[in-house]
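J.: compute the structure for the input listed below.
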Amino acid sequence: RISLSPLAGRGRGEGSRLLAPDKLMAHTSPATLQRARQLRRDQTDAEQRLWRLLRNRQINGLRFRRQFPIGPYFVDFACTTRRLVIELDGSQHMHAAAYDNQRTAFLATKGYKVLRFWDNDVLIHPEEVAEAIRLALR
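T.: Residues are numbered from 1 along each chain as shown. The predicted structure follows:
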C-alpha cells in the first residue's frame with residue numbers, strides 16, 4: 001500500500017493568468033531549457049521508473065512532460081492539459097517542507113494540482129502509484 005508524501009493534497013488552486021499548454025515553452029530561456037535537459041539526463045531511479053509508466057500516453061492517454069519548467073521551478077512531471085504536477089519526494093524532502101510548500105503554493109497560483117509520492121513507493125509499488133495518478137486525473 002502506498003502512502004502519499006506528507007505534503008500531498010496541497011496545491012489545488014486556480015490561477016487568473018493561465019497559459020495554454022502549447023504556449024508554456026514559448027517564453028523559456030535557453031538556459032532554462034538546457035537545465036531541464038540536464039535534469040532529464042540525471043534522473044533518479046524513482047524518476048526513471050515513473051517515467052516508464054507515464055511516457056507515451058500510457059496513463060489515460062495523456063501526455064506528461066518530465067523536468068518541466070513552470071515559472072522559476074522545475075517539476076518532476078507535468079500533465080499540462082490536466083494541470084497536474086507529480087513530484088517525487090526522497091528523504092531530503094523531510095527537511096525541505098517549507099520550500100516544497102512554497103513551490104506548491106506557486107504552482108497552485110498557476111492552476112496546477114500537485115500530487116506527491118515518496119521515491120520508495122514508486123520503486124516498490126509502481127502500479128499503485130500509477131493507479132493513484134489515474135484517479136487524480138479523473
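J.: separation between the residue of the chain most remote from its centre and A36?
T.: For the chain, the largest distance from the centre (C-alpha atoms, centre = their mean) belongs to P30, which lies 21.4 Å off. To A36, P30 is 11 Å away according to C-beta to C-beta, to the nearest Å. In short, each C-beta sits where N, CA and C put it, glycine included.
J.: so where is this structure shaky, pLDDT-wise?
T.: Applying pLDDT under 70 to the chain flags residues 1-28, 92-95.
J.: which stretches in it count as strands?
T.: Assigned by DSSP state E, the chain shows strands spanning 65-70, 73-79, 84-89, 113-118.
J.: the second one versus strand 65-70: what angle between them?
T.: For the pair strand 73-79 and strand 65-70, the angle between their directions (axes from the mean of the first three to the mean of the last three C-alpha atoms, to 10 degrees) equals 130 degrees.
J.: for strand 73-79, which outside residues touch it?
T.: 35-36, 39, 47, 50-51, 54, 62-70, 84-88, 103, 106-107, 112, 137 (C-beta atoms under 8 Å, 6 or more residues apart in numbering).
J.: separate out the buried members of the residues you listed.
T.: If you count burial by 16 or more other C-beta atoms under 10 Å, the buried members of these come out as 36, 39, 47, 50-51, 54, 62, 64-70, 84-88, 103, 106-107, 112, 137.
J.: middle-most residue in this protein, spatially?
T.: Nearest to the geometric centre of the chain sits I86, at 2.7 Å (C-alpha atoms, centre = their mean).
J.: what sits closest to that residue if chain neighbours are left out?
T.: F77 (4.1 Å; C-beta to C-beta, 6 or more residues apart in numbering).
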